[in-house]
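*Asks:* Test case, fold it:
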Amino acid sequence: MTTTVKKGIQPIFIIGALFFIFGFVTWLNSVLIPYLKLACELNNFESYLVAFAFYISYLVMAIPSASVLNKTGFKNGMALGLVVMGIGALIFIPAALTRTYALFLLGLFVQGTGLALLQTASNPYITILGPADSAAKRISIMGICNKVAGAIAPIILGAIALKDADGFHARLAEMSPAAKVAELNLLASRVILPYAVIIVVLLILAVLIYFSTLPEIDADKEDEAVSMATAGKTSVFQFPHLLLGVLTMFLYVGVEVMAGDTVISYGAYQGVPLATAKFFTSFTLLGMILGYLVGIVCIPKYLSQENAMKWFAALGVILTLVAIFTTSYVSVLFIALLGFANSMVYPAIWPLALNGVGRFTKIASSLLIMGIAGGAVIPLLYGALADIVNPQQAYWIMVPCYVYIFYYATSGCKVGKSTAVLKNQPVI
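*Replies:* Reported below is the predicted structural model:
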């Protein structure tokens, strides 16, 4: 595949800024889940509809996003995605003023729609921006931008939204009905200022992207080996390794979101005060940052993309089992450490799944973005299991997910590939 992108730091810098925004907005959900559980008086299952509403938009909007990109190109598509995210953040203001959970969920869905468009453009962009065997390294750099923002976001929003949250239910029980409503309305209003700031930042960045010198790339051109491999192909569904990669993405994002978005509530279940637990998502994301640094140093010189994915998936199984069979801070710590295990999976999925798809790159990218809907489904299943059994035993749902990720890294990424494409793929 060829590209007209000029090598240099500016495109990396601009896409890095976008990944920072992805991380900041996405990982606010880890605070919104316990926050809305308090403000809107929800059970576990209802509270995890936060993740569902946000991530299901990737399933619904990924294919339309590819159509939009075909018309706008990558750069203008990114600017449009930021505007849509701003509209989603705007919906949070009337949602907070009326304390209407359905409006909060609508705002999250619209934000996810904007992110689906952004990620459909930016992930293949950074994948194609340089040599295929170092794509995971470039995505790791983007991951650091994403997770630094993700580590900061819950601390900032947690300090505002979850201030004095410990013992909130006990205080409410002692209030009159009118005082209780007033207290809940006051709690709901705490998110208005943070989301107003987010709106302004998103719109400013949209303007900067629109007028930037970020070059277009031609994702439809193919090198000789890929052209031979795709000759006679009429549909993206004729690439088995891609379809298996979409399932891998679905399961991976599910466990990544669970590790970050459930750890605060799980800490509270294990008896950790919310004043302390609100920092746990940041620890999870710092673990991911550490893993990305390992990837930047080691890939592809010391470790192939496939091997990184394989061994980190195996680590995910081990950490999950330890969390299930221990208690208190130790158990919560091992859930947080899943951030490190997750770090090298997402950067490897993209180059492995897109390898050899040639002119089908845009629609293939859309399918992978649809896989991000795993962040909607798997945490919701966890929430249902947590209500039926308990939040600790519900983590069993993660084990088969990591086992499948291990399979994809070992052999699933090669299924159906031609010899020519495999020769161009990094050696394991």
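
*Asks:* Identify the residues contacting Y402.
*Replies:* In this structure, Y402 makes contact with V255, A313, A314, G316, V317, T320, A341, judged by CB atoms under 8 Å, 6 or more residues apart in numbering. Where you see a C-beta, it was placed from the backbone N, CA and C, and this is true even at glycine.

*Asks:* now, among these, which is nearest to V332?
*Replies:* Proximity of those to V332 (CB to CB) peaks at T320, which lies at 12.8 Å.

*Asks:* List the buried residues for the host helix or strand of L381?
*Replies:* When secondary structure is defined by DSSP states H and E, L381 falls within helix 374-388. Judged by neighbour count (16 or more other CB atoms under 10 Å), helix 374-388 contains these buried residues: 374-386.

*Asks:* unless I'm mixing things up, T320 is touching P400, no?
*Replies:* No. Assessed by CB atoms under 8 Å, T320 is found out of contact with P400, at 10.3 Å.

*Asks:* which one of those two has more residues nearby?
*Replies:* Taking neighbours as other CB atoms under 10 Å, T320 and P400 compare with T320 leading, 25 against 11.

*Asks:* and the angle for the next helix-or-strand element following the helix holding L381 with helix 374-388?
*Replies:* Following helix 374-388 in sequence order, the next helix or strand is helix 398-410 (DSSP H and E). Between helix 398-410 and helix 374-388, the angle comes out at 150 degrees (axes from the mean of the first three to the mean of the last three CA atoms, to 10 degrees).

*Asks:* Name the residues of helix 398-410 that are buried.
*Replies:* M398, C401, Y402, Y404, I405, F406, Y408, A409.

*Asks:* Greatest separation within these: which pair is it?
*Replies:* Using CB to CB, the pair of these lying farthest apart is M398 and A409, separated by 16.6 Å.

*Asks:* if we can go back for a sec, the helix holding L381 - contacts with which helices or strands?
*Replies:* Helices and strands touching helix 374-388, by 3 or more CB pairs under 8 Å, 6 or more residues apart in numbering; DSSP states H and E, are helix 44-47, helix 49-98, helix 240-261.

*Asks:* where's the next helix or strand after the last one relative to the chain centroid, distance-wise?
*Replies:* Yep, that's helix 240-261 we're talking about. Past helix 240-261, further along toward the C-terminus, the next helix or strand under DSSP H and E is helix 263-269. With CA atoms, centre = their mean, to the nearest Å as the basis, helix 263-269 stands 20 Å off its chain's centre.

*Asks:* Report how many residues lie close to F109.
*Replies:* A total of 20 residues lie near F109 under the criterion other CB under 10 Å.

*Asks:* which residues touch it?
*Replies:* F109 neighbours (CB under 8 Å, 6+ apart): A53, F54, I56, S57, G88.

*Asks:* In a markdown table, list the residues you listed along with distance to A17, neighbour count and pLDDT.
*Replies:* Below are the contacts of F109 laid out as a markdown table (distance: CB to CB, whole Å; neighbours: other CB atoms under 10 Å; pLDDT from 0 to 100):
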| residue | distance to A17 | neighbour count | pLDDT |
| --- | --- | --- | --- |
| A53 | 26 | 23 | 88 |
| F54 | 21 | 30 | 86 |
| I56 | 26 | 21 | 87 |
| S57 | 22 | 25 | 86 |
| G88 | 19 | 25 | 92 |
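
*Asks:* Specify which residues of the protein, grouped into ranges, have pLDDT under the cut-off.
*Replies:* Along the chain, the parts satisfying pLDDT under 70 run over 1-10, 123-124, 127-137, 165-166, 169, 214-233, 300, 417-428.

*Asks:* Dihedrals phi and psi, the residue located most distally from the centre of it?
*Replies:* Residue farthest from the centre of the chain, counting by CA atoms, centre = their mean, is S176 at 41.1 Å. Note on S176: its backbone torsions stand at phi -70, psi 160 [degrees, to the nearest 10].

*Asks:* Please name the nearest non-neighbouring residue to F104.
*Replies:* Beyond its immediate neighbours in the sequence, the residue positioned closest to F104 (CB to CB, 6 or more residues apart in numbering) is A95, lying 4.4 Å away.

*Asks:* Dihedrals phi and psi, V357?
*Replies:* Per degrees, to the nearest 10, the backbone of V357 is at phi -90, psi -10.

*Asks:* buried ones in stretch 307-322?
*Replies:* For stretch 307-322, by 16+ other CB under 10 Å, it's 307-310, 312-317, 319-321.

*Asks:* from those, which is closest to F168?
*Replies:* Out of those, the member with the shortest distance to F168 (by CB to CB) is T320, at 30.2 Å.

*Asks:* which ones are touching that closest one?
*Replies:* T320 is in contact with F334, L338, Y395, M398, V399, Y402, counting by CB under 8 Å, 6+ apart.

*Asks:* And V148, by the same measure?
*Replies:* F20, G23, L285, I289.

*Asks:* in terms of contact, does the first one touch A149 like I think?
*Replies:* Yes. Look at F20 against A149 with CB under 8 Å: they come within range, at 4.4 Å.
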